[in-house]
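[1] No letters, just coordinates:
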């Protein structure tokens with residue numbers, strides 16, 4: 001039985017991860033924590049998650065519960081995740097990181113630290129999205145420069161980072177598959193008299209509305225036809241189940257940094 005610890009356990013994703021850990025016969029919810037000032041600290045995490053009492057109290061920080069678990073699942077904020085990762089490295093604790101918005105120097109540090117433990121880090125833990133990553137690469141390689149490539153991502157109004165980590169991963173996949181530099185090719189806003197679209201552009205657009213769990217569309221537009229590759233998440237449970245699957249997988253791996261493509265065996 002794999003003992004799992006959940007960071008940000010009272011958050012929107014944290015609650016669903018708690019539920020999926022509790023549901024899986026191969027995992028045990030060994031601990032849960034939140035930031036010290038969170039209103040749910042010291043409450044039963046199962047009650048907070050809406051699944052009934054689990055006998056696990058939400059702790060006011062990682063230090064209070066780190067000794068109880070085998071793997072930490074973290075879908076929080078870039079700052080909190082990096083702090084948790086530093087502590088995990090000190091303790092040799094395995095991690096599954098689904099936090100988005102980590103970039104620049106923080107991402108460099110996170111990747112360096114993650115290589116010192118067993119860690120799965122991915123912008124999207126959904127099985128379907130990771131299949132989308134694989135197919136998007138193949139489509140971009142086949143269609144090449146004769147087809148315009150545009151990405152649209154749609155999420156709930158509460159999401160803080162934009163574009164989504166998944167959209168940026170898709171953009172990097174398209175850029176690498178077609179030999180482009182995303183820093184030069186990425187177009188995130190169009191307004192006014194912008195002139196004719198160039199062949200090198202990869203458009204990445206963002207919508208925010210309501211409680212949409214997550215939608216990602218890649219449009220390959222040619223002259224006379226278009227292809228669309230679409231993934232729609234109906235709830236957060238698919239991300240949470242993917243995170244639990246990653247936790248079970250990484251616990252059996254050597255020290256190193258992995259992603260969901262590794263977990264699912266999708267890499268060539």
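    Cool, the structure landed. Remember, predicted model here, so these are calculated numbers, not experimental data. Numbers count the residues shown, from 1 in each chain.

[2] Name the spans of the stretch 151-268 of the chain whose pLDDT lies under the cut-off.
    268 (pLDDT under 70).

[3] In it, what residue spans correspond to strands?
    186-187, 202-208, 214-222, 225-233, 256-258 (DSSP state E, counting those that start in this stretch).

[4] Could you list the domains of the chain?
    Described in terms of automatic domain parsing, the domain architecture of the chain consists of the residue ranges 2-121+236-264, 127-233.

[5] Pick the most deeply packed of those.
    Of all the domains of the chain, domain 2-121+236-264 carries the top mean neighbour count, a mean of 20, counting by mean count of other CB atoms under 10 Å. From N, CA and C alone the C-beta is placed, and that goes for glycine too.

[6] ok, residue 260 touching residue 243?
    No - using CB atoms under 8 Å, residue 260 and residue 243 do not qualify as a contacting pair, with a distance of 9.3 Å.

[7] so what sits against both of the two?
    Counting by CB atoms under 8 Å, 6 or more residues apart in numbering, the common neighbours of residue 260 and residue 243 are residue 125.

[8] can you tell me how far the closest residue to residue 151 other than its chain neighbours sits from residue 168?
    Distances taken as CB to CB, 6 or more residues apart in numbering place residue 204 nearest to residue 151, at 4.8 Å, with adjacent residues excluded. With distances defined as CB to CB, to the nearest Å, the gap from residue 204 to residue 168 amounts to 7 Å.

[9] give the contact list for residue 166.
    With CB under 8 Å, 6+ apart, residue 166 has these contacts: 100, 123-124, 129, 153, 214, 216.

[10] low pLDDT regions in the stretch 1-150 of the chain?
    Counting by pLDDT under 70, the stretch 1-150 of the chain contains no low-confidence residues.

[11] In this structure, mark out all the helices, start to finish.
    With helices called from DSSP state H, the chain shows them at 12-23, 45-49, 78-91, 104-114, 127-143, 165-177, 182-185, 237-250, 260-264.

[12] closest one to residue 32 among those?
    helix 45-49 (4.2 Å; CB to CB).

[13] packing partners for the closest one?
    helix 12-23 (3 or more CB pairs under 8 Å, 6 or more residues apart in numbering; DSSP states H and E).

[14] who's in contact with the helix it packs on?
    Helix 12-23 has contacts (CB under 8 Å, 6+ apart) with 4, 6-9, 27-29, 32, 34, 45-46, 48-51, 54, 73, 75-76, 98, 158, 235-237, 239-241, 243-244.
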